[in-house]
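Engineer: whatever this is, show me its structure:
(2 chains)
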Number of protein chains: 2
Amino acid sequence: MNTEQLIARLAGLVGVAHVLTDERETTPFATDWRKRWFGKALAVVRPASTSEVAAVVKLCAETRTAVVPQGGNTGLCGGATPDASGRQIILNLSRLNRVRTIDTVNNTLTAEAGCVLASLQQAADDADRLFPLSLAAQGSCEIGGNLSTNAGGVQVLRYGNTRDLTLGLEVVLPSGEVWDGLRGLRKDNTGYDLKQLFIGAEGTLGVITAAVLKLFPKPRAQATAFVALASVPDALKLLTHMQSRAGDRLTAFELMSDFCLRLARKHFPRLPAPLAAAYPQYVLLELSDTQGEGVAALAEHALGEAVEAGLALDATLAASVEQARNLWQLRENMSDAQALEGPNIKHDISIPISRIAEFIAACDARLDRAFPGVRMVTFGHVGDGNLHYNAAHPEAADPAAFLGRSDEINRIVHDTVAEFGGSISAEHGLGQYKRGEILRYKSPVEMDVMRAVKRAIDPLGIMNPGKVL
Amino acid sequence: MNTEQLIARLAGLVGVAHVLTDERETTPFATDWRKRWFGKALAVVRPASTSEVAAVVKLCAETRTAVVPQGGNTGLCGGATPDASGRQIILNLSRLNRVRTIDTVNNTLTAEAGCVLASLQQAADDADRLFPLSLAAQGSCEIGGNLSTNAGGVQVLRYGNTRDLTLGLEVVLPSGEVWDGLRGLRKDNTGYDLKQLFIGAEGTLGVITAAVLKLFPKPRAQATAFVALASVPDALKLLTHMQSRAGDRLTAFELMSDFCLRLARKHFPRLPAPLAAAYPQYVLLELSDTQGEGVAALAEHALGEAVEAGLALDATLAASVEQARNLWQLRENMSDAQALEGPNIKHDISIPISRIAEFIAACDARLDRAFPGVRMVTFGHVGDGNLHYNAAHPEAADPAAFLGRSDEINRIVHDTVAEFGGSISAEHGLGQYKRGEILRYKSPVEMDVMRAVKRAIDPLGIMNPGKVL
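Structural biologist: Have a look, this model is predicted:
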């Protein structure tokens, strides 16, 4: 079958309007949103239903055509971008965007892969429930992509990653067969838990077309606090203290250095200083509760204990929703503040929580030896062990020359992460970006098992080749 | 290699004292504890370390000897019992019983497969933490078995199944290679999450030798209540109500019918009646909190609302630890009470929570049509959708004749479970018991993927053959 015949067959399956082949139309889909990877697609195919997805994948299996599944195209590792050959099709899932059911007694929502994350949050909210997955791209990322990358975000401390929020999946296998695993069960021990294979597989084992997701009771009250600390070790002690007092009410625990805070306020001067003086480290924390009363008093009491014990140097509790929002904006504007300050080399890493302080001290020192004056922008979800550990050029140095040495910096950071038992990709996946890098850190035994699984599920190798493995 | 040579090689690897071949010694290991399956082992091999396990499995791979991994031998589906051929070895993990590390900042515990569950609960408690996995066999079951069957228990509502409590694994693969996946990370998106394959695989993909498990802050206060209800639908409404009020504080929500309560009090007459009158259904619920104050008041207030709304007919809150213990004993003695009443046919099933009432009504009616007067003993973890749905013979009927018709009863129950989107094994696994039965309910597509995974990881088919698949 030649290309024209293939395209005609695809058009026959999903409608001619939904097979894009003109390069002016396909280029936005074949380029990641940060414009780091530039692919070329044979076609962008936009099916509207699971059976259309199945038909397309079946045809691709017959013709040995590589399939690159794509949702909102907001990934950070090039996992949804085709290669430059022009021989791969992009299978865009955005038209599968129905919420199939919401069950408020079972506390589940069944959604198709193309649903935008924010629309699922809204659907849950409309039903007086919480769907807790929340991350920066939520206005455009799609749940199929969140599932395929096991997305994290700001509520992992309490609710877990996307994997933890998933009860069932519907998947089009590389053969074009449909696996209906849309179960809404919290307990089911009947053989291998296949959904776990597809979650986080970045489309290399099949195409997720729908999922049964967990809902939660909506928190009715929150307390937001900004706490000053002498050091990162003290932040870890504060985490343990707050967990012992608040348990699951602790829904956020975000670390940022004074350098981070100054950076945010430099580029967003309208953001008020939360505390009267400057301190080495800060934690932004949040308590949530289904009960209206008590959570603010609990936060105040527990933070009072921390100050009294010398663990916290100062603390402020937001007295209004607006004050809470301002505190969060310091955190949420970190990425933009960094961008305004100039280019920097980012690392999405995780470390066992108990070793975070030690890791930061060791890695900072190594980087400063290799790049004297390097400015570290270190912040993140410390409650999950997830750090954004970003290196900005020394003040006097040339930003471009610094960026040119990314590989050396990555090597130091990733080697140190490995030394401390951490992960070089905490929440963004591997995609094409870290596919080579991971070979340095995973054992050959682990890579062999991954490859054996890939061969077993996708023997023709048509699913998102060149990603992950 | 003949049998004598194999046994000599095994003795060389683990020491002659740790290779049992005398049938008087091997029989207890080759028989499940409920004495439902009687196997015959070539030998019982008891390695003391991961490297000894690896050496044994490697030898078994070379000699194509089937390996039956075994922990505390408390399983309910024959998953750890060899076949009758006398050609399979039992690989008993009980000597791998060290807690390797406890990390109270990362909130993790690293334990070897042979650790008895209760000893891990104790180790966590000694470190002022909670390891929440809790089930009837905890005094003798081992964590490797809990992991291999993805054990559930009484705290799933709040803390999840064993899978949800696991951050990392160490596994001896069917080749004898060791996969070191002992990571203590809450976020790690670097390829396929291999640990998920081995959890719940009942030893058919490899031998779990150690795990990194999650710890939690210890609850400081609990409130235990016994609530009377007119019907199962009202119990589901009460669940939604209590979740909206108490959120995660709701750590147990156990349903039992009046028949169950009467059965428990008949055989354990010293247990006090919790309420003055009899009602159709009851719920035993528990709230837990890291905060000492407030949880009893919260329970009282929320239950007061339920009574006022006509949702609950009566309710009592335990006023002392002893009263709470008595309420729990009604629930915990259910299995013994049933046994004292005579044989019954048990089903470990789960149903989407929203369909439980409908399921019970439909399935009760079908069973009563087929077996008039059948007495249903229905209780369980309704908060997780997990029911113990047990059929006892009609009062006038012959128990043995009734038991002889187990297959007919299972057929009605399991078909109805499938019709309602449920699972025929909620927490016990498949083992050899339900290996055939599951073929009726899983799609050929799903079975094919499971078989492909099995072939990929265990191409020689030496790992626990005849189980699960």
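Engineer: what strand or helix carries residue A:427?
Structural biologist: Residue A:427 is part of no helix or strand when elements are defined by DSSP states H and E.
Engineer: can you give me phi and psi for the residue lying closest to it once chain neighbours are set aside?
Structural biologist: Nearest residue to residue A:427 in three dimensions, chain neighbours excluded: residue A:152, at 3.4 Å (C-beta to C-beta, 6 or more residues apart in numbering or on different chains). From N, CA and C alone the C-beta is placed, and that goes for glycine too. Backbone torsions of residue A:152, given as degrees, to the nearest 10, read phi -100, psi -100.
Engineer: look up how far residue A:429 lies from residue A:152.
Structural biologist: Distance, residue A:152 to residue A:429, by C-beta to C-beta, to the nearest Å: 10 Å.
Engineer: picking up where we left off before, what's near enough to touch the residue nearest to residue A:427?
Structural biologist: Contact analysis of residue A:152 by C-beta atoms under 8 Å, 6 or more residues apart in numbering or on different chains lists A:135, A:161-162, A:381, A:384, A:386, A:426-427, B:187, B:189.
Engineer: pLDDT wise, what is it at?
Structural biologist: Predicted confidence (pLDDT) for residue A:152: 93.
Engineer: residue A:76 versus that one, what's the distance?
Structural biologist: Look at residue A:152 and residue A:76: by C-beta to C-beta, they are 12 Å apart.
Engineer: OK, contacts around the residue nearest the centre of chain A?
Structural biologist: By C-alpha atoms, centre = their mean, chain A has its centre lying nearest to residue A:151, at 3.6 Å. Applying C-beta under 8 Å, 6+ apart to residue A:151 gives the contacts A:133, A:135, A:141, A:145, A:161-162, A:427.
Engineer: let me know the secondary structure of it.
Structural biologist: coil (DSSP: H, G, I helix; E, B strand; the rest coil).
Engineer: likewise residue A:180?
Structural biologist: When classified by three-state DSSP, residue A:180 comes out as strand.
Engineer: quick one: it and residue B:443 touch, right?
Structural biologist: Yes. Residue A:180 lies in contact with residue B:443 (C-beta atoms under 8 Å); the separation is 6.6 Å.
Engineer: flag every residue of the stretch 251-400 of chain A that's near chain B.
Structural biologist: Those residues of the stretch 251-400 of chain A that sit near chain B, judged by C-beta under 8 Å from any C-beta of the partner chain, are A:289-291, A:294, A:298, A:350-355, A:381, A:384-386.
Engineer: out of those residues, what pair is the most spread apart?
Structural biologist: Greatest spacing in these, by C-beta to C-beta: A:291 and A:355 (35.0 Å).
Engineer: list the beta-bridge partners for the nearest residue to residue A:180 once chain neighbours are set aside.
Structural biologist: Residue nearest to residue A:180 in three dimensions, not counting chain neighbours: residue A:170, with 5.6 Å by C-beta to C-beta, 6+ apart. With DSSP bridges as the criterion, residue A:170 is bridged to residue A:180, residue A:210.
Engineer: list the residues that contact residue A:170.
Structural biologist: Residue A:170 makes contacts with A:50, A:178-182, A:208-211, as judged by C-beta under 8 Å, 6+ apart.
Engineer: with distance to residue A:436 added, can I get these in TSV?
Structural biologist: Shown next, in TSV, are the contacts of residue A:170 (distance: C-beta to C-beta, whole Å):
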residue	distance to residue A:436
A:50	34
A:178	33
A:179	31
A:180	36
A:181	32
A:182	36
A:208	25
A:209	30
A:210	33
A:211	30
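Engineer: top of these by neighbour count?
Structural biologist: Each of the contacts of residue A:170 was scored by neighbours using other C-beta atoms under 10 Å in any protein chain shown; the highest score is residue A:211's, at 31 neighbours.
Engineer: what's the distance between it and chain B?
Structural biologist: Here residue A:211 is placed at a distance of 15 Å from chain B (C-beta to the nearest C-beta, to the nearest Å).
Engineer: surely that residue and residue A:146 touch.
Structural biologist: No. Using C-beta under 8 Å, residue A:211 is not in contact with residue A:146; the gap is 9.2 Å.
Engineer: helices and strands around the worst-scoring helix or strand of chain A on mean pLDDT, which ones?
Structural biologist: Among the helical and strand segments of chain A, the one scoring lowest on mean pLDDT, DSSP states H and E is helix A:334-341, with a mean of 88. Helices and strands touching helix A:334-341, as assessed by 3 or more C-beta pairs under 8 Å, 6 or more residues apart in numbering or on different chains; DSSP states H and E, comprise helix A:258-267, strand A:375-381, strand A:386-392.
Engineer: all strands of the stretch 1-150 of chain A, in order?
Structural biologist: For the stretch 1-150 of chain A, the strands defined by DSSP state E, counting those that start in this stretch occupy A:19-20, A:41-45, A:67-70, A:88-92, A:99-103, A:108-112, A:129-130.
Engineer: and those: which comes nearest residue B:335?
Structural biologist: When the strands of the stretch 1-150 of chain A are compared (using C-beta to C-beta), the closest one is strand A:108-112, at 29.8 Å.
Engineer: name every strand pairing with the closest one and say which way it goes.
Structural biologist: If you go by DSSP bridges, strand A:108-112 pairs up with strand A:99-103 (antiparallel), strand A:207-214 (antiparallel).
Engineer: format these as TSV; extra columns: mean pLDDT.
Structural biologist: Listed next are the strands paired with strand A:108-112 as TSV, based on pLDDT from 0 to 100:
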stretch	mean pLDDT
strand A:99-103	98
strand A:207-214	98
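Engineer: distance to residue B:256 added to those strands, as JSON lines?
Structural biologist: Formatted as JSON lines, the strands paired with strand A:108-112 follow (distance: least, C-beta to C-beta, whole Å):
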{"stretch": "strand A:99-103", "distance to residue B:256": "24"}
{"stretch": "strand A:207-214", "distance to residue B:256": "26"}
